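Colleague: Could you look at this predicted model? Sequence included:
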Amino acid sequence: MLKIAIVEDNKTELNDLKSLLASYQEEKKVDFSVESFERGEDLLSRSDFSYDLLFLDIELPGRNGMDVARKIRETNGNVAIIFVTCVTALAVEGYSVDAFDYIVKPIEKYPFFTTMMRVIKNIERKGSDRIILCTPEGYVYLNTNQISYIESFGHSIVYHAEGKEYREWTSLAKPEKILGAKGFYRISKSFLINLRYVQKIAGDEVYVAGVPIKIGKTKKKDFLTKLNIYFSV
């Protein structure tokens, strides 16, 4: 399921955008969740920043939308950003933060639907590969972009995905072989992380979807290199 965030301080315009998203969801049968924020600071304070798509008003109280986007891009190069603005000239600068597109207020349905189709296709192309897990409860299919990290416990591993846990009786070597080329990195003996969920690095710890994970002593230099390459693509 796609996760969408909206940062918009005008309640009328926020409700208009939510209504358009609801219409798109119903007509196109696309599964996504929507969360909204009035200020950029509220979004940036989230410890579990794992959104696929962000609608960002440029003219916001406090930190403006462009500053919010720059801050996000310091640690997250994957989320698709679409600026929402009344003044198209302001949106031009959005390409410096690798914005996917911009839409002009008032938002019209059909151009909006076209943009949504394009951005969803782009998101799916980047990371919608599926894997199958053999859990004690039966077989489970997961999109790789749902998995934030995988943890090893003795003879089993646990997949952490969107607040849920799935156990599989195998070693960490199995998902590492499958997911190593899909943006995952083995940060230590016990953890394989999804680079798209990396939020910050503090000393010898990396925060993945809000969870601090110790970086292996011999891994930090290579990890930083891989992370820089991942977010620069």
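Modeller: Yep, that arrived. Numbers count the residues shown, from 1 in each chain.

Colleague: can you give me the helices in this protein?
Modeller: For the chain, the helices defined by DSSP state H occupy 11-28, 40-44, 65-73, 88-91, 109-127, 173-179, 220-232.

Colleague: Pick the most deeply packed of these.
Modeller: Of the helices of the chain, the one with the most neighbours on average (mean count of other Cβ atoms under 10 Å) is helix 65-73, at a mean of 20. The way it works is simple: take the backbone N, C-alpha and C, and place the C-beta from them, glycine included.

Colleague: quick one: average confidence on it?
Modeller: Per-region confidence: helix 65-73 scores 90 on mean pLDDT.

Colleague: With stretch 186-199 instead?
Modeller: If you average the pLDDT over stretch 186-199, you get 94.

Colleague: how far is it from where the chain is centred?
Modeller: Centroid displacement of stretch 186-199 relative to its chain, using Cα atoms, centre = their mean, to the nearest Å, is 15 Å.

Colleague: what's the answer for stretch 84-102, then?
Modeller: 20 Å.

Colleague: got it, and stretch 36-46?
Modeller: 15 Å.

Colleague: Now do that stretch: everything it contacts.
Modeller: The contact list for stretch 36-46 (Cβ atoms under 8 Å, 6 or more residues apart in numbering) reads 5-9, 14, 18, 49, 54, 56, 60-65, 67-68, 71-72.

Colleague: Report the rounded mean pLDDT for that stretch.
Modeller: The average pLDDT for stretch 36-46 rounds to 92.

Colleague: Need the distance between the two termini of that stretch.
Modeller: Using Cα to Cα, to the nearest Å, one end of stretch 36-46 lies 12 Å from the other.

Colleague: try stretch 52-70
Modeller: 16 Å.

Colleague: ok, back up a step: out of the helices of the chain, which gets nearest to A161?
Modeller: helix 173-179 (11.8 Å; Cβ to Cβ).

Colleague: Contacts for that closest one next, please.
Modeller: For helix 173-179, the external contacting residues (Cβ under 8 Å, 6+ apart) are I131, T144, I147, I150, I157, Y159, E168, F184, R186, L192, N194.

Colleague: hmm, 7 Å instead?
Modeller: With contact meaning Cβ atoms under 7 Å, 6 or more residues apart in numbering, helix 173-179 is reached by I131, T144, I150, I157, R186, L192.

Colleague: Would you check which pair of those lies furthest apart?
Modeller: Longest span within those, Cβ to Cβ: I131 and R186, 16.1 Å.

Colleague: if I look at the spatially closest residue to Q146 that is not a sequence neighbour, how far off is F55?
Modeller: Among residues not flanking Q146 along the chain, A161 sits closest, at 4.4 Å (Cβ to Cβ, 6 or more residues apart in numbering). In this view, A161 and F55 are 24 Å apart by Cβ to Cβ, to the nearest Å.

Colleague: No further queries at this time; thank you.
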